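Asker: Fold the following and give me the result.
(4 chains)
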Number of protein chains: 4
Amino acid sequence: MSVIAELSIFPLGVQGSLAPYVAKAVHLIRESGLPHHLGPMGTCVEGEWDEVMAVVDQCFKALAVDQERVYMTLKVDWRAGRENGLHSKTASVESQFWSAR
Amino acid sequence: MSVIAELSIFPLGVQGSLAPYVAKAVHLIRESGLPHHLGPMGTCVEGEWDEVMAVVDQCFKALAVDQERVYMTLKVDWRAGRENGLHSKTASVESQFWSAR
Amino acid sequence: MSVIAELSIFPLGVQGSLAPYVAKAVHLIRESGLPHHLGPMGTCVEGEWDEVMAVVDQCFKALAVDQERVYMTLKVDWRAGRENGLHSKTASVESQFWSAR
Amino acid sequence: MSVIAELSIFPLGVQGSLAPYVAKAVHLIRESGLPHHLGPMGTCVEGEWDEVMAVVDQCFKALAVDQERVYMTLKVDWRAGRENGLHSKTASVESQFWSAR
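Answerer: So this is what the prediction gives:
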């Protein structure tokens, strides 16, 4: 589970809340069974590169199918052999934070 | 509190974990008193534009002071009159998610 | 001129081309006198941190003033003592590219 | 050629210039034959979604193969039926810029 990818994806040119479109992507991410974390500015997904990119591919296609324009940003952090990074990355920052107090 | 900004900041060219550097930024964000959310790929901060950018400025300077190179990504979503967006953005996606089931 | 920042900024919820809004930001960047490079996905600006962030601040405020929602991404690469990075970064990649042939 | 994607990819934890790694990615992008634009903060590639993502996949794997950690950001702008967007996006901003003078 070496990749953590944060995906933000939404259509451009639509009025009102973008939540229905984001929910579509979150639905596909949940169906994938991969560990994920829904945040205010994007959803983090953890897995092997090919697994994660397959979900990104599905999310993009599900949004593009009935839109004129779609915008997406993806941030990827890959670390060889990392396990349970969704938890361990924030835990490690918190641990540093408290030990520096 | 119209701005939600997601900040990812770390030095380049250092070996080992980046957690100590991220913890430095998180410390400054917490000192600001602004609502925030620590995620695996960045920290979201909510506030008015000037408040949020003042914290970003502090974080950058705290990292740059003893490094050779610093990389930063910032994603900003500003919406006029939004309140409590750190909570409401994910709540609104979850609500769409469940109503579509 | 140690900072290169790539700015992408546009309103959400508007129909049609985003070019008029991007042009507003480009106008402010050009007025700043800082070296810049207009690309298909964002505009790179080079300068000291405070100079660059002052322009980002102006661009954001110029767009937010008559919009309901604004989205912005900023990528920053700061390197101590770098000169003429807008040119040297791509030149250095091209040089590697050709020497590896 | 509806997608424009800006790719920034580099290893973390290495000392010195990142240009050799970026050149590796640029080499693969050029071999793909897709229109592209090398910028100071990333390389823009234009094509259909599947074509562009196949190149991103190659770039990631080429960097990850002999590194411990790789960081990547990808920004995608997809617009149905757009042609020659690498040129037309900046041309359209310039045209707005000058007509507003």
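Asker: tell me which element A:Thr73 is part of?
Answerer: strand A:69-79 (DSSP states H and E).
Asker: Show me what counts as buried in the helix or strand just after that strand.
Answerer: Next in sequence after strand A:69-79, counting helices and strands by DSSP H and E, comes helix A:85-99. Residues A:Gly85, A:Leu86, A:Lys89, A:Thr90, A:Ser92, A:Val93, A:Gln96, A:Phe97 are the ones in helix A:85-99 that count as buried (16 or more other CB atoms under 10 Å in any protein chain shown). In short, each C-beta sits where N, CA and C put it, glycine included.
Asker: hang on, isn't the fifth one packed against B:Pro20?
Answerer: Yep, that's A:Ser92 we're talking about. No. Applying CB atoms under 8 Å, one finds A:Ser92 not in contact with B:Pro20, separated by 9.2 Å.
Asker: report the angle between the axes of the helix or strand of chain A with the lowest mean pLDDT and strand A:69-79?
Answerer: Every helix and strand in chain A was compared by mean pLDDT, DSSP states H and E; the lowest is helix A:85-99, with a mean of 91. Relative orientation of helix A:85-99 versus strand A:69-79 (axes from the mean of the first three to the mean of the last three CA atoms, to 10 degrees): 70 degrees.
Asker: which SS state does A:Lys61 fall under?
Answerer: Classification of A:Lys61 by DSSP: H, G, I helix; E, B strand; the rest coil places it in helix.
Asker: How about A:Met53, nearest residue that isn't a chain neighbour?
Answerer: D:Asp57 (6.6 Å; CB to CB, 6 or more residues apart in numbering or on different chains).
Asker: Which of the three states applies to the one you found?
Answerer: Looking at D:Asp57 with three-state DSSP, the answer is helix.
Asker: what separates it from C:Gly33, distance-wise?
Answerer: Taking CB to CB, to the nearest Å as the measure, D:Asp57 and C:Gly33 are separated by 41 Å.
Asker: So if I had to pick from the two, which one is more boxed in?
Answerer: D:Asp57 (14 against 10; other CB atoms under 10 Å in any protein chain shown).
Asker: these two touch, right, that one and A:Ala54?
Answerer: No. With contact defined as CB under 8 Å, D:Asp57 does not reach A:Ala54; the gap is 10.6 Å.
Asker: before we move on, the earlier item: just the buried residues of the strand holding A:Thr73, please?
Answerer: Under 16+ other CB under 10 Å, the buried positions of strand A:69-79 are A:Arg69, A:Val70, A:Tyr71, A:Met72, A:Thr73, A:Leu74, A:Lys75, A:Val76, A:Asp77, A:Trp78, A:Arg79.
Asker: gap between that strand and the chain center?
Answerer: On the basis of CA atoms, centre = their mean, to the nearest Å, strand A:69-79 sits 8 Å off its chain's mean C-alpha point.
Asker: quick one: stretch A:47-58 to chain centroid distance?
Answerer: On CA atoms, centre = their mean, the centre of stretch A:47-58 falls 10 Å from that of its chain.
Asker: Same check on stretch A:44-60?
Answerer: With CA atoms, centre = their mean as the basis, the mean position of stretch A:44-60 lies at 8 Å from the chain mean.
Asker: thought A:Leu7 was touching A:Gly39?
Answerer: No. Using CB under 8 Å as the test, A:Leu7 is too far from A:Gly39 to be in contact (10.4 Å).
Asker: re earlier: chain B: which of the buried residues of strand A:69-79 is nearest?
Answerer: Lowest distance from chain B to the buried residues of strand A:69-79 (CB to the nearest CB) belongs to A:Lys75, with 5.3 Å.
Asker: Tell me the bridge partners for that closest one.
Answerer: Taking DSSP bridges as the rule, A:Lys75 bridges to A:Glu6, D:Thr73.
Asker: Run through the residues that contact it.
Answerer: By CB atoms under 8 Å, 6 or more residues apart in numbering or on different chains, the contact set of A:Lys75 is A:Ala5, A:Glu6, A:Gly42, B:Ser8, B:Met41, B:Gly42, B:Thr73, D:Tyr71, D:Met72, D:Thr73, D:Leu74.
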